[in-house]
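Novice: sequence unknown, structure follows:
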Ligand SMILES: CC(C)(COP(=O)(O)OP(=O)(O)OC[C@H]1O[C@@H](n2cnc3c(N)ncnc32)[C@H](O)[C@@H]1OP(=O)(O)O)[C@@H](O)C(=O)NCCC(=O)NCCS
């Protein structure tokens, strides 16, 4: 199967992701287009959406999975910016991610709509993100999830992300955070499994 992926610019992509996020019961606070634009407008980023034929009309392709990531700088630099959440993230990763002279790409948001899960959409988006990030000079991908997101943890395990840090939530261990990462290399790209057709949205 060839996955059909579209890469979006920020204006159109933020609206697409806002639309997609409504389909995910797992997300307590779905992100809005305005939040995406606020976070991404001044940093390198990548918005990818995977398409599939609509069940009602097979000639019409609809968005079924998405993945959004952005550059993450060292804590000292993020502290100078206007995004406290990113500065906090960077600070928490300080002891397990080598920022010096390395470019770090943070895989921020993503998911596959329920009816299209287990069909390789998330693997295809992850592999595309890895390829893009490697081509753009990044050295490592980083992602954050929570103990209670078993499906995501399982998927990240299959996608060979390594645990970088565990941050316990003593009040509720289900909310403990897990940070994972993967080094990017030509060998990694050669091991990719999905066939993908990628186009840029107009
Ligand atoms: C996790 C999620 C993104 C997986 O999407 P998907 O499109 O079904 O994933 P894929 O089909 O590409 O699967 C990728 C790999 O992970 C494995 N995998 C995916 N979901 C899995 C699950 N629930 N249990 C076990 N393995 C799973 C697949 O078997 C596959 O492995 P393989 O390629 O080695 O065969 C999707 O279930 C989802 O959106 N979940 C809700 C989002 C969420 O929980 N977010 C939490 C915030 S971090």
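Specialist: Looks like it came in fine. Keep in mind that what you see is a predicted model, and the values were worked out from it rather than measured. Residues are numbered from 1 along each chain as shown.

Novice: tell me the spatial nearest neighbour of residue 149, not counting adjacent residues.
Specialist: Of all residues not flanking residue 149 in the chain, residue 26 sits nearest, at 6.8 Å (C-beta to C-beta, 6 or more residues apart in numbering). In this view, the C-beta of every residue, glycine as well, is placed from N, C-alpha and C.

Novice: go on, residue 39?
Specialist: Excluding the flanking residues, the one nearest residue 39 by C-beta to C-beta, 6+ apart is residue 83, at 6.1 Å.

Novice: how close does that neighbour get to residue 137?
Specialist: For residue 83, the distance to residue 137 equals 22 Å [C-beta to C-beta, to the nearest Å].

Novice: between these two, tell me which one has more neighbours.
Specialist: Neighbours were tallied for residue 83 and for residue 137 using other C-beta atoms under 10 Å; the higher tally belongs to residue 83 (17 against 11).

Novice: in this structure that one contacts residue 35, no?
Specialist: No - the criterion here is C-beta atoms under 8 Å, and residue 83 misses it with residue 35 at 10.8 Å.

Novice: which outside residues touch stretch 67-83?
Specialist: For stretch 67-83, contacts defined as C-beta atoms under 8 Å, 6 or more residues apart in numbering pick out 13, 17, 36, 38-40, 42-48, 86-87, 89-91, 93-94, 99-100, 103-110, 122, 125-126, 128-129, 133, 138, 141-142.

Novice: any residue of that stretch up close to the ligand?
Specialist: No - applying C-beta under 6 Å from any ligand atom, one finds stretch 67-83 out of contact with the ligand, separated by at least 8.7 Å.

Novice: for that stretch, buried residues please.
Specialist: Within stretch 67-83, the residues that count as buried by 16 or more other C-beta atoms under 10 Å are 67, 68, 69, 70, 71, 72, 73, 74, 75, 78, 83.

Novice: in the protein, which strand is the longest?
Specialist: Looking across the chain with DSSP state E, the single longest strand is strand 61-72.

Novice: could you list the contact residues of the protein toward the ligand?
Specialist: For the chain, the residues in contact with the ligand (C-beta under 6 Å from any ligand atom) are 24, 26, 65, 111-112, 117-123, 145, 149, 151-152, 154-155, 158.

Novice: which stretches of the chain form strands?
Specialist: With strands called from DSSP E, the chain shows them at 2-8, 45-53, 61-72, 104-112, 140-146, 162-167, 177-183, 195-200.

Novice: picking up where we left off before, which residue in the buried residues of stretch 67-83 has the weakest pLDDT?
Specialist: Note: of the buried residues of stretch 67-83, the lowest pLDDT belongs to residue 83, at 93.

Novice: what sits against the residue positioned nearest the centre of the chain?
Specialist: Compute the mean C-alpha point of the chain, and by C-alpha atoms, centre = their mean the closest residue is residue 107, 3.2 Å away. For residue 107, the contact set (C-beta under 8 Å, 6+ apart) comprises 67, 68, 69, 126, 129, 141, 142, 143.

Novice: tell me the bridge partners for the residue nearest to residue 63 when sequence neighbours are not counted.
Specialist: Excluding its sequence neighbours, the residue lying closest to residue 63 (C-beta to C-beta, 6+ apart) is residue 49, at 4.7 Å. Counting by DSSP bridges, residue 49 is bridged to residue 6, residue 66.
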